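A.B. asks: let's see this in three dimensions:
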Amino acid sequence: MTRMPAYDRDAALEAAIRLFWAKGYHATSLKDLENALNMRPGSIYAAFKSKQALFLAAMERYFEKMQAGFRAHMAEAASPLHGLTSFLRAYAEDGSSVRVHACLLLKTLLEATTTDSEIADPARDYLDRMKGEFEAGLSAAQAAGEFPDAADTARLARRYQAALTSLQVELQRGLSGEELAGFVEDLVEPFDRLAEEAAS
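C.D. replies: Below you'll find the predicted structure:
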């Protein structure tokens, strides 16, 4: 096996994200990591200290990319509401940069046992922080008059996150084409309805 000429932390973390996403934390062996990261076991431990520490670093990187992607999408949108709804609608587009078939954070929570608080708690925290991103977008839409003043943006953020999760699940199950597009519109409809209420 050809080894990396020098340790590249970014490349190693990206490889670790792909591996942990595919196999999960517990099923990933040291040999798997050695092959995926193209590093010897001693180099892996020297760089990341432990398998758990590597997983936590990979999960942090995954969250940061997800957060940055959402923020970039919102910054480019014509309005906060358009940013929120187009982010969901992008999941129906093949090759979309926002499209993720399943969330590593959610998969971690589903895999974690009662003794896995070291990996489950950070995953839960990252999901909460993403919900905060969604709430900020919804609050911006409300401030722009795109949602009614009485709308509860915290509850809407949980609904939005649930919609995003269900989209990822359906993609994982293989939903595509017209069915996927229709499913996305069903998820977007409550937010469009609130926008219509605010405009009336």
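
A.B. asks: all helices for this protein, in order.
C.D. replies: Assigned by DSSP state H, the chain shows helices spanning 9-23, 30-37, 41-48, 51-76, 80-89, 104-111, 117-143, 153-173, 177-199.

A.B. asks: most tightly packed of those helices?
C.D. replies: Mean neighbour count (mean count of other C-beta atoms under 10 Å) peaks for helix 80-89 among those, with a mean of 20. For every residue, glycine as well, the C-beta is placed using N, CA and C.

A.B. asks: that one vs helix 177-199, what angle?
C.D. replies: 160 degrees (axes from the mean of the first three to the mean of the last three C-alpha atoms, to 10 degrees).

A.B. asks: just the pLDDT at the closest residue to residue 190 other than its chain neighbours, thanks.
C.D. replies: Nearest residue to residue 190, sequence neighbours excluded (C-beta to C-beta, 6 or more residues apart in numbering): residue 159, at 7.0 Å. According to the predicted model, the pLDDT of residue 159 comes to 96.

A.B. asks: do you know how far residue 159 is from residue 107?
C.D. replies: 21 Å (C-beta to C-beta, to the nearest Å).

A.B. asks: ditto for residue 93
C.D. replies: From residue 93 over to residue 107 (counting by C-beta to C-beta), the distance is 23 Å.

A.B. asks: my guess is residue 158 meets residue 131, correct?
C.D. replies: Yes. Assessed by C-beta atoms under 8 Å, residue 158 is found in contact with residue 131 at 6.4 Å.

A.B. asks: next, count neighbours for the residue nearest to residue 180 when sequence neighbours are not counted.
C.D. replies: In this structure, residue 180 finds its nearest non-sequential neighbour in residue 92, 5.0 Å apart by C-beta to C-beta, 6+ apart. Residues lying near residue 92 (other C-beta atoms under 10 Å) number 21.

A.B. asks: my guess is residue 92 contacts residue 175, does it?
C.D. replies: No. If you go by C-beta under 8 Å, residue 92 and residue 175 don't touch, sitting 9.6 Å apart.

A.B. asks: let's see the pLDDT reported for residue 168.
C.D. replies: So residue 168 comes in at 88 (pLDDT).

A.B. asks: would you agree it is in contact with residue 103?
C.D. replies: Yes. Counting by C-beta under 8 Å, residue 168 touches residue 103, with 5.6 Å between them.
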